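Asker: Coordinates for the following, if possible.
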Amino acid sequence: MESTRRPRLTPAIAEVRRHVRTLLAEAGPVPGGALVLVGLSGGADSLALAAAAAFEAPRAGLRAGAVIVDHALQAGSAGVAAEAARQAQELGLEPVLVLRVTVDHGTDAGGPEASARTARYAAFAEALRETSASHILLGHTLDDQAETVLLGLARGSGPTSLQGMKPVSGPILRPLLGIRRARTRQFCVDAGLHPWQDPHNDDPRYTRVRVRQTALPALERELGPGVAEALARTAEQLREDSSALDDLARALSEQLSEPADHGIRLDAGRLESNPPAVRQRIIRFAVERAFGVSLERVHTLAVLRLVTDWHGQKPLDLPSVRVVRQDGWLIITVPGHAPSKGPSRSHGTPRH
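Answerer: Now for the predicted structure:
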């Protein structure tokens, strides 16, 4: 069902619709009549996205629905969710799901923000299963991207965090990453929509709120306008570079590894000949492929010391895997399975 609401076409409405239309086309082939869901909070960003998706999806041969996650963190949250559902239905979105989640503050190291995010994405996964939708569209804007990159810089989180959010990440689509938050608010004004103002967005107890209200404005004031756009461009450039390195490292990890008893082994000499950024990726991808385990940077660095600083160290016991250097190979196995002994050449490189 398509909305009967016909707001006049303003620059803000045209821009948001164009971004939605473009990403729906770029997300890959989707069967005609497939369903996409909008993650709707009722705020200006997601409400503008919902209205644009209601307009653009039928023109792309798709159906558009909505999923509303009630985090139950505030009094009256059920009423907020119900109002968001009403607006979604008025826009012509169908189906409209309201999912209530429990946010466990004690299970995530990132505090309540991270716990709420974990619960929210679990609800999105449930909505995808329940409706067989192909994608969920989220209303993250350029401002959200800039905040994410700045937080990553402050925390020293490395290039993965500095890449920010991807426009396409599996079934998750973020069409508005190139649009400023002010534009989505103007969309709502122009379209006669009434977004909800989340009081958490003004609560300085939350790190992201302090970045939004204090840190980024201070940078804009001291360095000049355009800081948010520059941070978003930096994230895009890092994603491009990281993608190229990932592709190279995946290919090399397959070339340098071979099956071993209860695991795999990697040619230590050939591994060492690669740049550090590629070495770490080779280790990580090889372990992911063989064991389904994702190693953190501290783990891959420890493994690489067996390559670049070898002096007869003992085996490394890492999450779900054990690594030992033997006869010029890094042998990676499940815990409890030691590699078979052979002629010792552990200070040298393997013969080819």
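
Asker: Go through the lowest-mean-pLDDT helix or strand in the chain and flag the buried ones.
Answerer: Ranking every helix and strand in the chain by mean pLDDT, DSSP states H and E puts helix 159-162 at the bottom, with a mean of 74. Across helix 159-162, burial judged by 16 or more other CB atoms under 10 Å covers Ser161, Leu162. For glycine as for every other residue, the C-beta is placed from the backbone atoms N, C-alpha and C.

Asker: again, but for stretch 30-50
Answerer: Under 16+ other CB under 10 Å, the buried positions of stretch 30-50 are 30, 34-50.

Asker: again with stretch 139-156
Answerer: Buried residues in stretch 139-156 (16+ other CB under 10 Å): 139-152.

Asker: And stretch 281-291, by the same measure?
Answerer: Neighbour counts over stretch 281-291 (16+ other CB under 10 Å) mark Arg281, Ile282, Ile283, Arg284, Phe285, Ala286, Val287, Ala290, Phe291 as buried.

Asker: could I get those as CSV with distance to Asp309?
Answerer: Converted to CSV, the buried residues of stretch 281-291 look like this (distance: CB to CB, whole Å):
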residue, distance to Asp309
Arg281, 19
Ile282, 17
Ile283, 15
Arg284, 19
Phe285, 22
Ala286, 20
Val287, 20
Ala290, 24
Phe291, 24
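
Asker: Gly312: which of these is nearest?
Answerer: Distance to Gly312, by CB to CB, is smallest for Ile283 among those, at 20.0 Å.

Asker: would CSV of the buried residues of stretch 281-291 with secondary structure and pLDDT be doable?
Answerer: Formatted as CSV, the buried residues of stretch 281-291 follow (DSSP: H, G, I helix; E, B strand; the rest coil; pLDDT from 0 to 100):
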residue, secondary structure, pLDDT
Arg281, helix, 94
Ile282, helix, 95
Ile283, helix, 95
Arg284, helix, 94
Phe285, helix, 94
Ala286, helix, 94
Val287, helix, 94
Ala290, helix, 93
Phe291, helix, 93
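
Asker: now, among these, which is nearest to Arg297?
Answerer: The nearest one, if we look at the buried residues of stretch 281-291 relative to Arg297 and count by CB to CB, is Arg284, at 8.8 Å.

Asker: before we move on, back to that, need the max-distance pair from the buried residues of stretch 139-156.
Answerer: Gly139 and Gly152 (20.5 Å).

Asker: Residue ranges of each domain in this protein, please.
Answerer: Split into domains by automatic domain parsing, the chain comes to 11-225, 246-333.

Asker: List the contacts of the residue nearest to Arg59 when sequence neighbours are not counted.
Answerer: Nearest residue to Arg59, sequence neighbours excluded (CB to CB, 6 or more residues apart in numbering): Arg21, at 7.5 Å. Contact analysis of Arg21 by CB atoms under 8 Å, 6 or more residues apart in numbering lists Glu56, Arg59, Ala60.

Asker: By neighbours, which of those wins?
Answerer: Glu56 (23 neighbours; other CB atoms under 10 Å).

Asker: Which strands or helices does the helix or strand harbouring it pack on?
Answerer: Glu56 is part of helix 44-59 when elements are defined by DSSP states H and E. Judged by 3 or more CB pairs under 8 Å, 6 or more residues apart in numbering; DSSP states H and E, helix 44-59 is in contact with helix 11-26, strand 35-39, strand 63-70, helix 77-91, helix 181-191.

Asker: Reformat the ones you listed as JSON lines; add mean pLDDT and distance to Ala230.
Answerer: Below are those laid out as JSON lines (pLDDT from 0 to 100; distance: least, CB to CB, whole Å):
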{"stretch": "helix 11-26", "mean pLDDT": "96", "distance to Ala230": "20"}
{"stretch": "strand 35-39", "mean pLDDT": "97", "distance to Ala230": "27"}
{"stretch": "strand 63-70", "mean pLDDT": "96", "distance to Ala230": "32"}
{"stretch": "helix 77-91", "mean pLDDT": "94", "distance to Ala230": "33"}
{"stretch": "helix 181-191", "mean pLDDT": "97", "distance to Ala230": "16"}
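
Asker: Could I get the ones you listed in CSV, plus columns for distance to Leu330?
Answerer: Below are those laid out as CSV (distance: least, CB to CB, whole Å):
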stretch, distance to Leu330
helix 11-26, 39
strand 35-39, 42
strand 63-70, 43
helix 77-91, 51
helix 181-191, 47
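
Asker: What about Val323, how many residues nearby?
Answerer: When neighbours are defined as other CB under 10 Å, Val323 has 22 of them.

Asker: Now it: which helix or strand?
Answerer: Going by DSSP H and E, Val323 is in strand 321-326.
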